[in-house]
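Student: sequence and predicted model, in that order:
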Amino acid sequence: MGQNAALAHKPAGVGFEEAAAVCDGVILALMGLRPAEVRKGRSILVYGASGSIGTAAVQLSRHFEADVTAVCGSKNLELVRSLGADQVIDYTREDFTADGQTYDVIFDAVGKQSFRRCRGSLNPGGIYLATDDLRNLLLAQWTRFRDKKVIFPIPPRYTKRDVLFLKGLMEAGQYRAVIDKRYPLAEVVEANRYVDTGQKTGNVVLTVG
Ligand SMILES: NC(=O)c1ccc[n+]([C@@H]2O[C@H](COP(=O)([O-])OP(=O)(O)OC[C@H]3O[C@@H](n4cnc5c(N)ncnc54)[C@H](OP(=O)(O)O)[C@@H]3O)[C@@H](O)[C@H]2O)c1
């Protein structure tokens, strides 16, 4: 493997389990946030803020100094607030598409929304960031030259620079992997069953040895 491969040493002061939990959701979150130009002065709503991609998207958006609204269920409101969300919305009580608020970016981090539903909650020039549903690939093409756009960053194309960026954030204490449960490798089937419930908070880790 070449010296430019997207690899880095484990961040100093971080355990193996936490390091393993930054290999997936956070990379996907970063691949979406970069083209959506999430930065100071811009607003983002992260839908599904308690999932693997969602917990990462909230923390990274916060790091990029955007105004962050996080949408999750009742039991995770405090968690996502602690990750840096400026506002939180409980999806079991409120429908963010009906409250009149608008955003520069809506990140559907759990694949439960659609561009059609979110379009009215986007500012002019707004971006709907998708993580699921291949129809979003067509929508991304179709909206390319329109005012409001769909971005679907698959496959994720990340570089050594991205991995080193995340390593640096962890070492600086500016990013933490949220781990819900840990399973020994022998219980991989149980672990997958739990992941498949769609209700994990953050990440699930398999431990070896
Ligand atoms: N993670 C990856 O590496 C990866 C790779 C490729 C594609 N994807 C796609 O990206 C999407 C997100 O993946 P993920 O692994 O980050 O998800 P995840 O961690 O499995 O998401 C679980 C979280 O989603 C929340 N949730 C479930 N239903 C919801 C709803 N209707 N509204 C709001 N929140 C809801 C749950 O909270 P409650 O229990 O409170 O509902 C739970 O905390 C999926 O569609 C997946 O197929 C993921």
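Tutor: Right, received. Where do you want to start?

Student: from here on, contacts and neighbour counts on C-alpha atoms
Tutor: Will do.

Student: name the single longest strand found in the chain.
Tutor: For the chain, the strand that runs over the most residues, judged by DSSP state E, is strand 122-129.

Student: what about it and the ligand, touching?
Tutor: No - using C-alpha under 6 Å from any ligand atom, strand 122-129 never reaches the ligand; the gap is at least 10.9 Å.

Student: residues in contact with that strand?
Tutor: Residues from elsewhere that reach strand 122-129 (C-alpha atoms under 8 Å, 6 or more residues apart in numbering): 32, 36, 102-109, 115, 118-119, 147-152.

Student: using the three-state scheme, assign the spatially closest residue to Arg117 that is not a sequence neighbour.
Tutor: Leaving out its chain neighbours, the residue that sits closest to Arg117 by C-alpha to C-alpha, 6 or more residues apart in numbering is Thr97, at 7.1 Å. What DSSP: H, G, I helix; E, B strand; the rest coil gives for Thr97 is helix.

Student: contact partners for Thr97?
Tutor: By C-alpha under 8 Å, 6+ apart, the contact set of Thr97 is 117-118, 120-121.

Student: just the closest of those to Arg135, please.
Tutor: Taking C-alpha to C-alpha as the measure, Arg135 lies nearest Arg117 of these, at 14.3 Å.

Student: rewinding a little: what about the residue nearest to Arg117, distance to the ligand?
Tutor: According to C-alpha to the nearest ligand atom, to the nearest Å, Thr97 stands 13 Å off from the ligand.

Student: what of Val110?
Tutor: Taking C-alpha to the nearest ligand atom, one finds Val110 at 4 Å from the ligand.

Student: show me what contacts that residue?
Tutor: By C-alpha under 8 Å, 6+ apart, the neighbours of Val110 are 47-48, 51, 53-54, 131-132.

Student: kindly reformat those as a markdown table containing secondary structure and neighbour count.
Tutor: Shown next, in a markdown table, are those (DSSP: H, G, I helix; E, B strand; the rest coil; neighbours: other C-alpha atoms under 10 Å):
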| residue | secondary structure | neighbour count |
| --- | --- | --- |
| Tyr47 | strand | 26 |
| Gly48 | coil | 25 |
| Gly51 | coil | 23 |
| Ile53 | helix | 27 |
| Gly54 | helix | 28 |
| Thr131 | coil | 21 |
| Asp132 | coil | 18 |
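
Student: those also near the ligand: which ones?
Tutor: 48, 51, 53-54, 131-132.

Student: and these as TSV, adding distance to Ala177 and pLDDT?
Tutor: Shown next, in TSV, are the ones next to the ligand among the contacts of Val110 (distance: C-alpha to C-alpha, whole Å; pLDDT from 0 to 100):
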residue	distance to Ala177	pLDDT
Gly48	16	98
Gly51	11	97
Ile53	11	97
Gly54	11	98
Thr131	19	96
Asp132	22	94
